[in-house]
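Colleague: any chance you can model this:
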Amino acid sequence: MNDISNMFQSADWKKEKHVPVIEAPDTAKKGEGIAVNVTVGKEIAHPNTTEHHIAWIDVYFYPEGSKFPFNLGRFEFNAHGASTEGPNTSTILTHPAVTLTFRTEKSGTIFAISNCNIHGLWTHSRELKVQ
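Modeller: Down below sits the predicted model:
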């Protein structure tokens, strides 16, 4: 596998529970805070069990004209129903949803990557215009 893009899966998030859904404005003002919400399982709930869960979400911003994207954050989800009494015995479960705010002076693309412990890496992107 010579191309890292072959490692990522993508689909319509309304039909596929693994795709990270990015909610953000279409346009923003230079230097002002831009709120971004990323959720896995927005339309179709993703299981959150010890055996099948979303382990983390990474969010990146790739400004137009830049050589590299910027990692805005990595968010790990560690409570999947496991306890000292065994798998799926805890009532403590994390939901794979995050909110972050960032500022930029340039337009670009917001990317999100989610990792399912069984079904691998999933990605989605959204354009952002900055005025």
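Colleague: what about S5, is that helix, strand or coil?
Modeller: helix (DSSP: H, G, I helix; E, B strand; the rest coil).
Colleague: that one and S83: what is the separation?
Modeller: 38 Å (Cβ to Cβ, to the nearest Å). The way it works is simple: take the backbone N, C-alpha and C, and place the C-beta from them, glycine included.
Colleague: these two: which is more packed in?
Modeller: Between S5 and S83, counted using other Cβ atoms under 10 Å, the more crowded position is S83 (13 against 8).
Colleague: contact partners for that one?
Modeller: 89-90, 92 (Cβ atoms under 8 Å, 6 or more residues apart in numbering).
Colleague: if we use 10 Å, what do you get?
Modeller: Residues in contact with S83 (Cβ atoms under 10 Å, 6 or more residues apart in numbering) are 50, 89-92.
Colleague: now swap in I34 and tell me
Modeller: With Cβ under 10 Å, 6+ apart, I34 has these contacts: 24-25, 27-28, 61, 72, 100-104, 110, 128, 130.
Colleague: perfect, that will be all.
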